[in-house]
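Enquirer: below is the structure, and that's it, no one-letter string:
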Ligand SMILES: CC(=O)N[C@H]1[C@@H](OP(=O)(O)OP(=O)(O)OC[C@H]2O[C@@H](n3ccc(=O)[nH]c3=O)[C@H](O)[C@@H]2O)O[C@H](CO)[C@@H](O)[C@@H]1O
């Protein structure tokens, strides 16, 4: 009998990336793969490109902690989403549901529970996000990425510490391809890749560009600045800027020596897996729930890089922080090597298969 898995999660590239990593594993074992996401989110775009995945869009409402006119209509959209997900789950009859979080996952997990289907969820950040916290009572297992997450979860018996799921294509980058793509040459100047998360980061972009005259004397800079944030005025033989990289990213990272990055969980675990020392500039509390501050603190404590708070970010502080990072480069790489290890994707697949049997 063919086994069926239902995947869900959305709202950020990172959430979708974990689901993308699972797909080949289940395809190989001839499982039917279904995905419930929103109609227009990033998950809809990326998952509809996957031939082996049956994608279903449902109504979804955002769960906000701040006032917005949409707060009046969104609860109804969530309820509509539950009804739609319920109907689809009854039809699909999945053996197990895997949720990566994001607000579209809430109605799916509730509907799965109403249908008596086992649910496994995965949390990427050190502290659980709102969606995962809301659905926790209805799930069988919550897999964590950070070891420090357990005390933040009320039903600690549900916690399985798994670690990060890093997409495999990142390990197949070639330095030479990176040089060719960026039209840079190997030189004495280390290459720094600047990544502001999947959407870019305005504050980081500004500081990098202000510091550019000094930075390009020491480094070659590849700047992933986010959609609509290219600055055509900036033109230097040691500076390259791109809005967003997809297939070329593994090559550019293979060529890079160090990274300047936000502390989004997916990015930082990718850099750890690739052994790239990080200057972490976490998203501040004023524009987030503070998850990146804790992610960054944990990485600093484990010796994977330097942290610069956005409130202290200037051209000067950026240059100095990079100097500190460079001085610690060999010890950071050493620390990272001892942390790299087993493939967590296979462990998650085993766990999901086990849940499907229960
Ligand atoms: C603004 C916000 O709320 N961010 C949250 C969001 O991060 P968000 O998804 O924005 O950022 P992450 O760092 O987790 O992931 C970014 C992903 O985009 C990829 N990438 C980036 C640039 C590029 O040019 N090409 C490319 O492929 C990276 O390789 C990575 O896989 O979810 C994370 C995981 O729950 C949280 O830790 C973050 O706090």
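Expert: Sure, I can see it. Treat the numbers as computed from the prediction; the structure is a model and nothing was measured.
Enquirer: do stretch 33-43 and the ligand meet?
Expert: No - Stretch 33-43 stays clear of the ligand (C-beta under 6 Å from any ligand atom), getting no nearer than 8.7 Å. Using the backbone N, CA and C atoms, a C-beta is placed for each residue, glycine as well.
Enquirer: and residue 288, what is it in contact with?
Expert: Neighbour list for residue 288: empty [criterion: C-beta atoms under 8 Å, 6 or more residues apart in numbering].
Enquirer: how far off centre is stretch 176-183?
Expert: Relative to its chain's centre, stretch 176-183 lies at 25 Å (C-alpha atoms, centre = their mean, to the nearest Å).
Enquirer: in that stretch, what's buried?
Expert: Residues 177, 178, 179, 181, 182 are the ones in stretch 176-183 that count as buried (16 or more other C-beta atoms under 10 Å).
Enquirer: of those, list those near the ligand.
Expert: With the criterion set as C-beta under 6 Å from any ligand atom, no member of these is near the ligand.
Enquirer: dump these to TSV, plus secondary structure and pLDDT.
Expert: Shown next, in TSV, are those (DSSP: H, G, I helix; E, B strand; the rest coil; pLDDT from 0 to 100):
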residue	secondary structure	pLDDT
177	helix	98
178	helix	98
179	helix	98
181	helix	98
182	helix	98
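Enquirer: now do the strands in the stretch 201-350 of the chain.
Expert: 220-224, 239-242, 258-261, 278-280, 305-307 (DSSP state E, counting those that start in this stretch).
Enquirer: and of the ones you listed, who's closest to the ligand?
Expert: Nearest of those to the ligand, taken as C-beta to the nearest ligand atom: strand 220-224 at 4.0 Å.
Enquirer: doesn't residue 134 make contact with residue 105?
Expert: No - using C-beta atoms under 8 Å, residue 105 is not in contact with residue 134, being 9.4 Å away.
Enquirer: flag every residue of the stretch 1-150 of the chain that's near the ligand.
Expert: So far as C-beta under 6 Å from any ligand atom goes, the stretch 1-150 of the chain lies against the ligand at 12, 13, 14, 17, 124, 125.
Enquirer: for the residues you listed, give me a markdown table that also has neighbour count and secondary structure.
Expert: Output for those, formatted as a markdown table (neighbours: other C-beta atoms under 10 Å; DSSP: H, G, I helix; E, B strand; the rest coil):
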| residue | neighbour count | secondary structure |
| --- | --- | --- |
| 12 | 21 | coil |
| 13 | 19 | helix |
| 14 | 24 | helix |
| 17 | 21 | helix |
| 124 | 28 | coil |
| 125 | 24 | coil |
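Enquirer: per-domain residue ranges of the chain.
Expert: 4-163, 171-339 (automatic domain parsing).
Enquirer: and residue 263, how many residues sit next to it?
Expert: Per other C-beta atoms under 10 Å, the neighbour tally for residue 263 reads 27.
Enquirer: err, residue 115, not the other one
Expert: Residue 115, neighbours per other C-beta under 10 Å, totals 16.
Enquirer: and it, how far is that from residue 100?
Expert: Noted for residue 115: a distance of 19 Å to residue 100, by C-beta to C-beta, to the nearest Å.
Enquirer: also residue 12?
Expert: Taking C-beta to C-beta, one finds residue 12 at 9 Å from residue 100.
Enquirer: equivalent analysis for residue 42, please.
Expert: Following C-beta to C-beta, the distance that separates residue 42 from residue 100 is 12 Å.
Enquirer: which regions of the stretch 151-300 of the chain sit below the pLDDT cut-off?
Expert: 197-198, 200 (pLDDT under 70).
Enquirer: secondary structure element holding residue 120?
Expert: Using DSSP states H and E, residue 120 sits in strand 119-123.
Enquirer: close enough to count as contact, residue 241 and residue 234?
Expert: Yes - Residue 241 lies in contact with residue 234 (C-beta under 8 Å); the separation is 6.7 Å.
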